[in-house]
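In: Can you look at this prediction? I've put the sequence above it.
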Amino acid sequence: MRSLPVRAALLSLVLLLVGAGLWEAASTAPESAEAVSEYDMLVAGAGEKARVPGPSAVIAHAWAALSDPFYDRGSNDKGIGIQLGYSVGRVLTGYLLAALVAIPIGFVIGMSPLWQRALDPFIQVLKPVSPLAWMPLALFVIQDSALSAIFVIFICSIWPMLINTAFGVASVRRDYINVARTLELGRLRTALTVILPAAAPTIFTGMRISISIAWLVIVAAEMLVGGTGIGYYVWNEWNNLNLTSVIFSILMIGVVGMLLDRLLAGAARFVQYVD
Amino acid sequence: MSIFRDPFDPETRLHAQGCGCARCSTSATPAARPADSAEGRIAQVVESALVRGLFGHHDEQRRQVLRAMGGGSLAAILGTLLPMDAIKAAAIEASGPLEKTKLKVGFVPITCATPIIMAKPMGFYEKYGLDVDVIKTAGWAVARDKSLNKEYDAAHMLTPMPLAMSLGAGSTAEPFLMPAVENLNGQAITLHNKHKDKRDPKQWKGFKFAVPFEYSMHNFLLRYYVAEAGLDPDKDIQIRVVPPPEMVANLRADNVDGYLAPDPFNQRAVYEGVGFIHLLTKDIWDGHPCCAFACSQAFALENPNTFGALFKSIVEATHFAAAAENRADIAKAISPANYLNQPETVVAQVLTGRYADGLGEVKNVPDRIDFNPFPWHSMAVWILTQMKRWGYIKGEVDYRQIAEQVYLAADCGKLMKELGYEPPKTTYQTYSIMGKTFDPATPDAYVDSFAIRRS
């Protein structure tokens, strides 16, 4: 009997092959009839019309795009690597700014029941707002489209971190704090050396949720603002009804999102502890 | 927009358009000195800026001083104090060093933007010493915001947009200039294939249509067309704003029954076998303007030499695009991913006018799209009458004044002459739109002559 991970991997492979096989079978290109008249020449032949491509076409396209990921043929046509780089840059900037704001405020909220109750209504109202709803306002007030996109990331990644930090800090075991009190630790020292490490795993969970949300939002934000980024890339290919590129970008967005999530999961391992 | 008025005229109006206060209703707008020529206009702008600067932009104060001593004597005194002629000459000559060589110009990926786009790969910007980055923009709301933000130095806009922006309709009021029109005609009404038997607009009750922007010729022409057929565009059909690149996808998904849109998206719908071309807008109004090249007044005043160079490259590119023999090369230059990102045959069919109509016929309409930079004031007046007709602007409208402030016909004419083209002698002409005559001299009567209207 083989081990569970090996069997799981085998099953994944089988699912992939079956799925791709069905997809390929369902999407064989229709035969192009010979263009006989001028009219036929002017409209797309059956094989040229926009349609959902099979996995083989996507793989071929992915190969071509990934073998030259950093080409730059002008401001509106850049390689997938450059576009992803822009998006990751925006996400990380907005996300780190959000962390700088959310974690300290979350700390205060977690430690002070007064502040928790006072800020609660604002958080509850602002949290469910779709970050894209902020876009027109951001464009108008900030007057810079690149900064507006970063602001949208900022505003969407702030809430999970804020709430998780507050929750983590508020639910640190009383024993720990009582021990610190017995040892006559100052408030600041208690916060930094006792509460922070104790709440760290919860805080990291919030940070992990935030980065996933930020990555979800950046695509939509860039489709709106345009210029650069993977969202713009998808929009530009949609423009041309080029679904092969769109499917390829979907896969790339998924891969990068997974990497970002793995990165934080790895970091979270450093602060794990067992009670 | 006061910068374009004669600064030595004590009677200029202080209040915004449509102000109903007692002072405004009595104030006349006498043309104290001629400002018809390009030189006269630029000179007046410079003087205006100086005089208004002197009085700290307090128009009341300026008027009192001018009444007391007379405009002429103030001009004379100022002339001795300030090197006004030198400043004026600098602005008119525009031959000095460029203030800025790296520019950002925004465009929406449609064939209307042809001159702005092709000027990059075909070297028209370079010829005048400019390093222009042409940046693709998702739609006109973003193009407008980026222009207002000054992220773009200049942009491809729709001819009604600078008028609307200058009036503050649908955005904050910021004086915008429209030195050049880009294209004439070049739009079409495309319908979904399932409507092949509904070629009479009277059968369109309940249809959903897409247009690219509220303040667009597309919106105004579609409204005009269905209203002529007796349908009320606000009640009998639904008009929604969809950015041009998303139109084919929406038509395929049956979200809309049709659209009045810029090309290549009409031709692309035919190419994809999704829709057919019901009517070219040329058949509504032959020679109607569509898109424009525009920039903020601030950009033009701060960078007169750069503005001049940019203006020249656009006018020259527009004339190059107008020649039928250049169209195939242009289609090749602007089809790649960096610009329109469309199959070349689609763009070529639009530009050459030999196209498949989606109903099985090959049509030959060489003037399907044409390019001419001259911004007729009468075009602006027509657009304003339609904005008034459909309630986008309220109150009294000083059609001519707005038209002349925003559409820089005199400057464009001067440049055309400089570059060796023959500009029209006048800036107003009458149009025949679906057989109905429009006379720019009587805009209010024109608005009132329509049975279906909101005002």
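Out: Perfect, thanks for sending it.

In: partner strands of the strand or helix carrying B:Ile277, parallel or antiparallel?
Out: Here B:Ile277 sits within strand B:275-280, counting by DSSP states H and E. Here strand B:275-280 has these sheet partners by DSSP bridges: strand B:187-192 (antiparallel).

In: what helices or strands is the following helix or strand past the strand holding B:Ile277 leaning on?
Out: Per DSSP H and E, the first helix or strand lying C-terminal to strand B:275-280 is strand B:291-296. Packing contacts for strand B:291-296, counted by 3 or more Cβ pairs under 8 Å, 6 or more residues apart in numbering or on different chains; DSSP states H and E, involve helix B:140-148, strand B:154-158, helix B:160-167, strand B:176-181, helix B:304-322. (Glycine included, C-beta is placed from N, CA and C.)

In: Which positions within the helix or strand encompassing B:Ser432 qualify as buried?
Out: According to DSSP H and E, B:Ser432 maps onto strand B:431-433. In terms of neighbour count (16 or more other Cβ atoms under 10 Å in any protein chain shown), strand B:431-433 has its buried residues at B:Tyr431, B:Ile433.

In: for stretch B:241-261, same thing?
Out: Buried-residue list, stretch B:241-261, by 16+ other Cβ under 10 Å: B:242-252, B:256-261.

In: any bit of it sitting next to chain A?
Out: Yes: contact of stretch B:241-261 with chain A (Cβ under 8 Å from any Cβ of the partner chain) involves B:Pro245, B:Glu246, B:Val248, B:Ala249.

In: Give me the pLDDT for the second one.
Out: On pLDDT, B:Glu246 comes in at 82.

In: That one and A:Trp238 touch, don't they?
Out: Yes: if you go by Cβ atoms under 8 Å, B:Glu246 and A:Trp238 touch, sitting 7.4 Å apart.

In: want to throw the residues of stretch B:241-261 next to chain A into a markdown table with secondary structure?
Out: Rendered in a markdown table, the data for these read as follows (DSSP: H, G, I helix; E, B strand; the rest coil):
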| residue | secondary structure |
| --- | --- |
| B:Pro245 | helix |
| B:Glu246 | helix |
| B:Val248 | helix |
| B:Ala249 | helix |
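
In: What is the nearest of those residues to chain A?
Out: B:Pro245 (4.0 Å; Cβ to the nearest Cβ).

In: Show the subsequent helix or strand relative to the lowest-mean-pLDDT helix or strand in chain A.
Out: Least confident helix or strand, chain A: helix A:38-42 with a mean of 76, by mean pLDDT, DSSP states H and E. Per DSSP H and E, the first helix or strand lying C-terminal to helix A:38-42 is helix A:55-67.

In: who does the helix or strand following that next one touch, helix- and strand-wise?
Out: The helix or strand immediately downstream of helix A:55-67 is helix A:80-111, counting by DSSP H and E. For helix A:80-111, the elements it packs on are helix A:113-126, helix A:145-170, helix A:196-225, helix A:230-239, helix A:243-269, judged by 3+ Cβ pairs under 8 Å, 6+ apart.

In: And for residue 129, the neighbour number?
Out: I'll assume chain A. 12 (other Cβ atoms under 10 Å in any protein chain shown).

In: my question was about chain B
Out: For B:Gly129, using other Cβ under 10 Å, the count is 13.

In: That one belongs to a helix, doesn't it?
Out: No: counting by three-state DSSP, one finds B:Gly129 to be coil, located in no helix.

In: Keeping just the C-alphas, turn stretch B:97-106 into CSV.
Out: What follows is stretch B:97-106 as a C-alpha-only set of coordinates in CSV (Å, rounded to 0.1, in the frame of the first residue of the first chain):
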residue,chain,number,x,y,z
PRO,B,97,12.9,75.5,-27.5
LEU,B,98,10.4,72.9,-26.5
GLU,B,99,9.5,73.2,-22.8
LYS,B,100,8.9,69.5,-22.6
THR,B,101,9.8,66.8,-25.0
LYS,B,102,8.6,63.7,-23.3
LEU,B,103,4.8,63.7,-23.4
LYS,B,104,2.0,61.3,-22.5
VAL,B,105,-1.0,61.2,-24.8
GLY,B,106,-3.9,58.9,-24.0
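
In: Report the buried residues of it.
Out: Buried residues in stretch B:97-106, counted by 16+ other Cβ under 10 Å: B:Leu98, B:Lys100, B:Leu103, B:Lys104, B:Val105, B:Gly106.

In: cool, and stretch A:53-72?
Out: Neighbour-count burial for stretch A:53-72 flags A:Pro53, A:Gly54, A:Pro55, A:Ala57, A:Val58, A:His61, A:Ala62, A:Ala65 (criterion: 16+ other Cβ under 10 Å).

In: Just give the nearest non-adjacent residue to the first one, would you?
Out: Excluding the flanking residues, the one nearest A:Pro53 by Cβ to Cβ, 6 or more residues apart in numbering or on different chains is A:Thr244, at 4.5 Å.

In: Near that neighbour, how many other residues are there?
Out: Neighbours of A:Thr244 under the rule other Cβ under 10 Å: 20.

In: can you check the one 4 residues further on too?
Out: Close neighbours of A:Phe248, defined as other Cβ under 10 Å, add up to 26.

In: just checking, B:Phe107 touches B:Met118?
Out: No: counting by Cβ under 8 Å, B:Phe107 does not reach B:Met118; the two are 10.7 Å apart.

In: Those two: which is more packed in?
Out: The residue with more neighbours, out of B:Phe107 and B:Met118, is B:Phe107; 26 against 23, by other Cβ under 10 Å.

In: can you pull the contacts of the more buried one?
Out: When contacts are counted by Cβ atoms under 8 Å, 6 or more residues apart in numbering or on different chains, B:Phe107 is found next to B:Ala113, B:Ile116, B:Ile117, B:Val134, B:Ile135, B:Lys136, B:Thr137, B:Ala155, B:His156.
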